[in-house]
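Predicted structure and sequence below. I'll ask about it afterward.
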Amino acid sequence: MTGLIEVKLTELNQLFNSMDPSPFHERDLDHDAEEFIVSWAQEHPKQHDLKLLVHLAKRPADVADAQKLVADSVAHYFEYRADMTMHEMKRLMREGRASLIIGLLFLGICQITATLLTPPAGSWQTVAREGLTIIGWVAMWKPLEIYLYRWWPVLTLRRLYQRLSRMPVEVHCATP
């Protein structure tokens, strides 16, 4: 089964970011167009193929083959987004490793310091020992958050961008 994503535009330029001076096939998609395509793609089950159908009210006068231009541009853009998302994933994993090393060192220091406060001679030592243990484990919050929760949405988005880069694209122009 194929998940169809339909975009209706007045003219081809609406699909692209007007601030990007690159040639059409290398230009960024318009933010709203990208958001629309991505949100519709997220609604379709992962096992379904995707297809983009672009309806143009005006036939582009300055473009010989709108079909090829749009297909190449969409594929190029979402390949680029997949690559950038992979860079984000790598950055997140580096941050996770650094946070884990720092957190483990801090936890170790807190545990050693708490051990030096035993046996508790007074209530302040008990509070300090327990406080150091808690603070040490709180320092582990960020690496645990990264390794348990933050990496998989980034990977899921990358896979979606890869799917979008491979989807077939059709352009239907209204007759002049």
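All right, it came through fine.

My assumption is that Lys51 lies in a strand; please confirm.
Yes - in this structure, Lys51 lies within a strand as judged by DSSP: H, G, I helix; E, B strand; the rest coil.

neighbours around it, how many?
Residues near Lys51, counting by other CB atoms under 10 Å, number 15. From N, CA and C alone the C-beta is placed, and that goes for glycine too.

List the contacts of it.
Neighbouring residues of Lys51 by CB atoms under 8 Å, 6 or more residues apart in numbering: 2-5, 167-170.

ok, now Pro45?
Gly3.

Assign a three-state SS to it, would you?
Three-state call for Pro45 (three-state DSSP): coil.

Need phi/psi at it.
The phi/psi pair for Pro45 (degrees, to the nearest 10) reads phi -60, psi 150.

and it, what pLDDT?
With respect to pLDDT, Pro45 has a value of 90.

Pick the one among the contacts of Lys51 closest to Phe16.
Nearest to Phe16 among the contacts of Lys51, counting by CB to CB, is Val169 at 13.8 Å.

count of neighbours near the closest one?
Residues near Val169, counting by other CB under 10 Å: 21.

Next one: it from Leu29, what distance?
12 Å (CB to CB, to the nearest Å).

which residues do those two both contact?
Val74.

and the host helix or strand of Trp124, what does it pack onto?
Per DSSP states H and E, Trp124 falls inside helix 123-138. If you count contacts as 3 or more CB pairs under 8 Å, 6 or more residues apart in numbering; DSSP states H and E, helix 123-138 packs onto helix 66-116.
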